[in-house]
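Any chance you could fold what I've pasted below:
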Amino acid sequence: SANASVAGAVTVDGGNIVVDANLNTTGGNAAGDVLLKASGNIALEAGKSLVTSGGDITLWSNSDGETANGGSIYLKDGVTLDSRTSSDRAANNGTTDDVAGGAITLGGGSASITLASGTLAPTGYAINNSSAFRGGINIGTEVVAERRNSAVTILSGGGDISLKGQQLSKYNGDSAGINAYEGFTLDAGKTGDITLMGSALDATASYSDGLNLGNYAVTAGGTASYIRTVDGDISIQGSAANATVQSRGVTLAGGGAGINIQSSGAGSIEINGTPGGTGTQYNILLIGANVLAKSGAIELTGGSTGKVFNDFFASSIGYKAGSDITSSSADITVTGDDFDLSSGFNFNTAGTLTIQPYSGSFIDAFDTSQLTYSSDLSGLTIGKAGNAENVSIGSAATIAGDVTVFAGDIAIDAGLTATGFNVNLHASGAVTQSAAISASGLGLHGTGNFTLTNTGNSISTLAGGNSTTKLGNVNVVNSGALTIGTVNPTGITST
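From the prediction side, this is the model:
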């Protein structure tokens, strides 16, 4: 309970471990690792810190691997875990150039892995099987049904950050694998990867979240939260059990202040959510969330029939004016069987945007009028091979790249322009239009009937079908000269 400075490594083994003082091992430099290993729970009291100079920080709960009691990790308000090098800390010039920091690992179980540094770290979950608070890992002091600023800071200075939490129980009727209150920062510097994995397994909870990052941050104001790196990758994966009200794989809530998941260099971002089978199901629920990458790919994946949804406050994917990332070339892929993207998603990138089903087909017809995207988008794909649900181009789209649609029926109900590029329509049903297509090439694919007779069509080259998959009836009207040529396929093959 007294502050301590140690010029070397510190290891604490115990049943339950409570940290009620600051610990500093910077005198040991990279050898100043900190390991807290408990067969039960680990808790850091409010305002306490663990600080190294490139040494790894490992919080290892439930080390005996039993689940009856489990072993959770609880970081109360104002806790700091800081494994940056002393030189980066002293430079005080931000974290974007920070390298050589130690890995920060929060997890549990009896299984382990040896990190590149030689540190032994857990590969399993910190497990909460009590009703004392929410989360196998809980970030911020728990107060029933209260929005709060956790002010928890985790800085690795280029080292990897890994959090794995699971809840088998419920608190105040709710359950979460990882629970965090807004105002937290997870920062991996220039090179560190960030991995968050959460699992909620109590099937009787009202609200069940694999991860709930920004709990109760659903109104105006508040404090921004950050999960950020430069060239490292970010992976956020959550799975939830059945629930009586809502089951949510991943909830990212920033309210009016925002929660920012960002890779400002070459790093990619992957968010994967799978809810349970009862209650209102959300694969991924965003509330004022900004998922931003300078150049690395962004993938949002819903692994079940739940919705990919945004609520209360708009969310930006790619780049956002006024943020740390104001331009992006990221290719964005959103995968799920059920969408409501009209609820505040803004897709901003000079890369491509793909919206595709997780299984063979979307659950419902997909209308592009629910999409909002930036004018510099360089490619748009809706559906994937085999999608049998219908797709409508319901709002005017001007894309500086190829446009590809996979569907049963396709309805072009608003202007579709691929400036200097191709439009490829893959259909097993009827393809019709009430608005014009403008493209360098128009490729027709599948066994559908294509009735594209809008007099405003402006197409240079037309091609469709092949000897294996012949088109149905084809009727195309064009405003100017039209060449039957190559748009992959070549020529027209029709029944």
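
Return the backbone torsion pair for residue 370.
Here is the backbone geometry of residue 370 (degrees, to the nearest 10): phi -80, psi 0.

Make 2 the starting number, not 1.
In the new numbering, first residue 2, that becomes residue 371.

show me the contacts for it.
By CB atoms under 8 Å, 6 or more residues apart in numbering, the residues touching residue 371 are 340-343, 395. In this view, the C-beta of every residue, glycine as well, is placed from N, C-alpha and C.

hmm, 6 Å instead?
Contacts for residue 371 were tallied using CB atoms under 6 Å, 6 or more residues apart in numbering; they are 342-343.

Residue 350 too?
Contact analysis of residue 350 by CB under 6 Å, 6+ apart lists 319, 329, 331, 333.

Tell me the first helix or strand C-terminal of the helix or strand bottoming out on mean pLDDT in the chain.
When each helix and strand of the chain is scored by mean pLDDT, DSSP states H and E, strand 339-341 comes last, with a mean of 86. Downstream of strand 339-341, the first helix or strand assigned by DSSP states H and E is strand 346-349.

hmm, who's touching that following strand?
Here strand 346-349 makes contact (CB under 6 Å, 6+ apart) with 311, 316-320, 333, 354, 373-375.

cool, stretch 258-269 as well?
215, 223-235, 253, 270, 289-298, 325-326.

now, which of the residues you listed lie within strands?
Among the contacts of stretch 258-269, the residues falling in strands (DSSP state E) are 226-230, 235, 253, 270, 290-294.

Of those, just say which sits nearest to residue 175.
residue 253 (16.6 Å; CB to CB).

so who does the closest one touch?
Residue 253 neighbours (CB under 6 Å, 6+ apart): 214, 260, 287, 290.

What residues are recorded as beta-bridge partners of it?
residue 214, residue 287 (DSSP bridges).

And it, how close does it get to residue 289?
Here the criterion is CB to CB, to the nearest Å. By it, residue 253 lies 9 Å from residue 289.

what's the answer for residue 432, then?
Shown here: residue 432 relative to residue 289, a distance of 38 Å by CB to CB.

excluding its backbone neighbours, what's nearest residue 329?
Excluding the flanking residues, the one nearest residue 329 by CB to CB, 6 or more residues apart in numbering is residue 320, at 3.9 Å.

In contact with the one you found, which residues?
If you count contacts by CB under 6 Å, 6+ apart, residue 320 has them with 293, 326-329, 349.

Can you tell me what sits against stretch 150-160?
Counting by CB under 6 Å, 6+ apart, 76, 78-86, 89, 99-105, 140-141, 182, 184-193, 224 sit against stretch 150-160.

show me the contacts for the closest residue in space to residue 383 that isn't next to it in sequence.
Of all residues not flanking residue 383 in the chain, residue 406 sits nearest, at 4.9 Å (CB to CB, 6+ apart). Shown in contact with residue 406 (CB under 6 Å, 6+ apart): 383, 392, 426.

Spit out the contact partners of the nearest residue to residue 279 once chain neighbours are set aside.
Of all residues not flanking residue 279 in the chain, residue 243 sits nearest, at 4.1 Å (CB to CB, 6+ apart). Counting by CB under 6 Å, 6+ apart, residue 243 touches 204, 277-279.

if we can go back for a sec, packing partners for the least confident helix or strand of the chain?
strand 308-311 (3 or more CB pairs under 6 Å, 6 or more residues apart in numbering; DSSP states H and E).

Report the distance from the strand it packs on to the chain centre.
Computed by CA atoms, centre = their mean, to the nearest Å, the chain-centroid distance of strand 308-311 equals 12 Å.
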